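Colleague: okay, here's the prediction I keep looking at, along with the sequence it came from:
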Amino acid sequence: MAPIVPLATSSASVSRPPTTILPPTAETPSFLITSANKSYKHQYANIYFVRLRILRDVVEENARRRWQGIKGDPVLVPKVLEVEKSQLCYIVGTAYMDMPLKPNVMEDIARDNSIPPPPPLSKFYSPDDNIMLEDESGRIQLVGERIVGARLVTGVIIAALGIETPTGEFEVVDICYAEMAPQPKQEVEAEAKMDVDAEPQTDTWIALLSGLDIGSTSPADAQIQMLVEYLTGEEGGPKEQVSAAQISRLVIAGDSLAPVVISAKSDSFEEKEGKKGRRYGYDATSFSPHPTLSLSAHLLDIGRTMPVHLLPGETDPSGVILPQQPFPRAMFGAVSTYGSFSCETNPTYLRIGSETGSEPTRTLLVNSGQPLNDMFKYVPSPPNTPLSLLESTVRWRHMAPTAPDTLWCHPYFSADPFLISQTPDLYIVGGQQRFGTKMIVEKGEDDVEKRCRLVLVPRFADTGTLVLVNLRTLDVKCVKFGVKGMSGSSDDRARAEPDASLPSTQLNPKPPT
């Protein structure tokens, strides 16, 4: 009889590093809609007024520093309608894209109900688009090569330098934005004092996930089961188990459930009432609770080993307007009894701190992708990419400028919650077709660098990709789960990584012996 060879084991510790969620601050507010602001009687124009009022001073100050001393001595004109012809000046206002292909709610209302609406367009951009700049006084059209080549969408607060033409248009020669918001000095200073030679195996990581799409017609059940086993330390060898043990939290950025497909059958009321097998108010012939039960089971397996943060997304059974409110915890069964399971808003801020104090506090800004997907319809691609557009939102200090124009949002009266008042350490967007990441750096007035790591999380059902971020160094790596011949393993989009230097791990099921 051949001797029994013991399995290889790792001598390294496999205990998870403890982290904690810190309470929100004034710069990282909650997106919960409470009784104090839950009102639908206000006009959406209030959001634009508040946005312009808050960002106007910042943009004006940046413009003053940027254009001070240039030839022509441009002056600030307080109102866009007070511009004088042939005088070099700059104006501040809200960009508005006049686009023929953009949906028009008035046309939708006027359309005959018997005519089905056209399918939604993948792009609003066209060569016939016009760019306007507006404030409380009125609106003026912007022209010129500089403005045509700019990356702009409706709702962005900008300063435009130029001259009014004889035809009443404003020819732009340069543009200025608000740039990156302030970042807490103590976090940056704490990071600068860290030991750069620390052991990588002692670092704390967080896992990012999006687009499980449970309940779709072509589910990625095998990849999802491999994902659960990896996160719980049951997949792979000692090396993978040590890597999984460094993950302190899981953030699921939307689209966990596939959209419900409504049956085309048109039963009469009497027929529906006469059907048997109805429980808890739904008809089992047209609705199945299996996707929710399956998601709940996976969350329970993961929730036993690490904290989980779950955000709603576009395809999830949640409200369509932003900010989407948290899922009811009761719909997820046993995992809802765990204090480590959190249902978050979309978008949401998460402030993660180390219980030992050995690592800096990290601020995460997470959303499920609707703002970025909507903005991407406004710009030509190429040359624009989702990653470049996401970088622009940080410099605009606004995560969803197209709300409420083409992106549905709550009618806030005295606030614009989508303003970025503090530059996050991690800016995470789910529901994307491809993975992408970039570190953007800007030096402030006191020569302290502001840094923000951008992460695009691809849909897991299409790519089988799990994204991991190091909380100490903000490095990023991917773990891919694939089953040959099944969804999420052979999709070329999963391999189109903008940053080829990022490490990646491929996990495949072992062949049967």
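Modeller: Yes, it's here.
Colleague: need the contact list for residue 460.
Modeller: If a contact means CB atoms under 8 Å, 6 or more residues apart in numbering, then residue 460 has 209, 210, 211, 212, 213, 220, 223, 224, 227, 466, 488 as its contacts. From N, CA and C alone the C-beta is placed, and that goes for glycine too.
Colleague: what does the pLDDT read for it?
Modeller: At residue 460 the predicted local confidence, pLDDT, stands at 96.
Colleague: ditto for residue 299
Modeller: 96.
Colleague: how near is residue 67 to residue 442?
Modeller: Note on residue 67: its distance to residue 442, by CB to CB, to the nearest Å, is 19 Å.
Colleague: so which of these two has more stuff around it?
Modeller: Set residue 67 next to residue 442 and count neighbours by other CB atoms under 10 Å: residue 67 wins out with 21 against 15.
Colleague: residues contacting that one?
Modeller: Applying CB under 8 Å, 6+ apart, we find residue 67 in contact with 74, 90, 161, 174, 176.
Colleague: what about the residues you listed, which are in strands?
Modeller: 90, 161, 174, 176 (DSSP state E).
Colleague: what subset of those is buried?
Modeller: In the ones in strands among the contacts of residue 67, burial by neighbour count holds for 90, 161, 174, 176, counting by 16 or more other CB atoms under 10 Å.
Colleague: quick check: bridge partners of the first one?
Modeller: With DSSP bridges applied, the residues forming beta bridges to residue 90 are residue 76, residue 161.
Colleague: doesn't residue 77 make contact with it?
Modeller: Yes - at 7.2 Å, residue 90 counts as touching residue 77 under the criterion of CB atoms under 8 Å.
Colleague: joint contacts of these two?
Modeller: Joint contacts of residue 90 and residue 77 (CB under 8 Å, 6+ apart) do not exist.
Colleague: give me the distance between residue 64 and residue 444.
Modeller: Taken as CB to CB, the span from residue 64 to residue 444 is 17 Å.
Colleague: ok, now residue 147?
Modeller: 28 Å.
Colleague: of the two, which one has the most company?
Modeller: residue 147 (22 against 15).
Colleague: now do the contacts for residue 331.
Modeller: 292, 296.
Colleague: helix, strand or coil for it?
Modeller: helix (DSSP: H, G, I helix; E, B strand; the rest coil).
Colleague: ok, it to residue 79 distance?
Modeller: Distance of residue 331 to residue 79, computed by CB to CB: 51 Å.
Colleague: helices of the stretch 151-300 of the chain, residue ranges please.
Modeller: Ranges of helices within the stretch 151-300 of the chain are 185-192, 221-231, 238-245, 269-274, 290-303, based on DSSP state H, counting those that start in this stretch.
Colleague: what's the most buried one of the ones you listed?
Modeller: Across the helices of the stretch 151-300 of the chain, averaging neighbours per residue (mean count of other CB atoms under 10 Å) puts helix 221-231 on top, at a mean of 21.
Colleague: what residues go with each domain of the protein?
Modeller: 19-38+181-260+286-507, 45-176 (automatic domain parsing).
Colleague: would you mind finding the most buried of those domains?
Modeller: Ranked by mean neighbours (mean count of other CB under 10 Å), these are led by domain 19-38+181-260+286-507, with a mean of 19.
Colleague: next up, the contacts around the spatially closest residue to residue 338 that is not a sequence neighbour.
Modeller: Spatial nearest neighbour of residue 338, excluding adjacent residues (CB to CB, 6 or more residues apart in numbering): residue 303 at 4.9 Å. With contact set as CB under 8 Å, 6+ apart, residue 303 has these partners: 335, 338, 340, 341.
Colleague: now for the residues you listed, which pair is the farthest apart?
Modeller: Farthest apart among these by CB to CB are 335 and 340. That separation is 9.1 Å.
Colleague: between those two, which contacts overlap?
Modeller: Residues touching both residue 335 and residue 340 by CB under 8 Å, 6+ apart: 303, 308.
Colleague: from the contacts of residue 303, which is closest to residue 247?
Modeller: Using CB to CB, residue 340 comes nearest to residue 247 of these, at 13.2 Å.
Colleague: show me what contacts residue 80?
Modeller: Residues near residue 80 by CB under 8 Å, 6+ apart: 91, 93, 133, 134, 135, 137, 138, 139, 140, 170.
Colleague: OK, contacts around the last one?
Modeller: When contacts are counted by CB under 8 Å, 6+ apart, residue 170 touches 80, 83, 91, 133, 140, 141, 142, 143, 160, 162, 163, 164.
Colleague: need the pLDDT of the third one.
Modeller: Among the per-residue scores, residue 91 holds a pLDDT of 96.
Colleague: wait, it touches residue 157, no?
Modeller: No - with contact defined as CB under 8 Å, residue 91 does not reach residue 157; the gap is 11.6 Å.
Colleague: now for these two: what residues contact both?
Modeller: Common neighbours of residue 91 and residue 157, using CB under 8 Å, 6+ apart, do not exist here.
Colleague: ok so, going back, columns pLDDT and distance to residue 366 on top of the contacts of residue 460, output as TSV?
Modeller: Shown next, in TSV, are the contacts of residue 460 (pLDDT from 0 to 100; distance: CB to CB, whole Å):
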residue	pLDDT	distance to residue 366
209	97	11
210	97	10
211	95	14
212	95	16
213	94	19
220	85	22
223	93	22
224	94	21
227	95	19
466	97	15
488	50	22
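Colleague: quick check: end-to-end length of stretch 339-346?
Modeller: Terminal residues of stretch 339-346 lie 20 Å apart, using CA to CA, to the nearest Å.
Colleague: over to stretch 124-142?
Modeller: Start-to-end span of stretch 124-142 (CA to CA) is 19 Å.
Colleague: likewise for stretch 451-469?
Modeller: End-to-end span of stretch 451-469 (CA to CA): 15 Å.
Colleague: who are the contact partners of residue 166?
Modeller: Neighbouring residues of residue 166 by CB under 8 Å, 6+ apart: residue 85.
Colleague: phi, psi for it please.
Modeller: Note on residue 166: backbone dihedrals following degrees, to the nearest 10 are phi -60, psi -20.
Colleague: and the pLDDT for it?
Modeller: Value listed for residue 166 in the pLDDT field: 90.
Colleague: so it versus residue 85, what's the distance?
Modeller: 7 Å.
Colleague: cool, residue 210 as well?
Modeller: Separation of residue 210 from residue 85 (CB to CB) stands at 51 Å.
Colleague: quick check, central residue of this protein?
Modeller: residue 429 (2.7 Å; CA atoms, centre = their mean).
Colleague: is it true that it touches residue 372?
Modeller: Yes - between residue 429 and residue 372 there is a contact under CB under 8 Å: 5.2 Å.
Colleague: identify the contacts common to those two.
Modeller: In contact with both residue 429 and residue 372: 386, 390, using CB under 8 Å, 6+ apart.
Colleague: using CSV, write out the CA atom coordinates for whichever helix in the chain runs longest.
Modeller: Secondary structure of the chain per DSSP state H: the longest helix is helix 45-67. As requested, the backbone C-alpha atoms of helix 45-67 are provided in CSV (Å, rounded to 0.1, in the frame of the first residue of the first chain):
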residue,chain,number,x,y,z
ALA,A,45,-35.0,73.1,-9.9
ASN,A,46,-34.1,73.6,-6.2
ILE,A,47,-31.3,71.0,-6.6
TYR,A,48,-29.7,73.0,-9.3
PHE,A,49,-29.9,76.2,-7.3
VAL,A,50,-28.3,74.6,-4.2
ARG,A,51,-25.6,73.0,-6.3
LEU,A,52,-24.7,76.3,-8.0
ARG,A,53,-24.8,78.2,-4.7
ILE,A,54,-22.4,75.7,-2.9
LEU,A,55,-19.9,75.2,-5.7
ARG,A,56,-19.9,78.8,-7.2
ASP,A,57,-17.4,80.2,-4.7
VAL,A,58,-15.0,77.3,-5.1
VAL,A,59,-15.1,77.4,-8.9
GLU,A,60,-14.6,81.2,-8.9
GLU,A,61,-11.6,81.0,-6.6
ASN,A,62,-10.0,78.3,-8.8
ALA,A,63,-10.7,80.3,-11.9
ARG,A,64,-9.2,83.5,-10.4
ARG,A,65,-5.9,81.6,-9.6
ARG,A,66,-5.9,79.9,-13.0
TRP,A,67,-6.4,83.0,-15.1
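Colleague: fine by me, we can end here.
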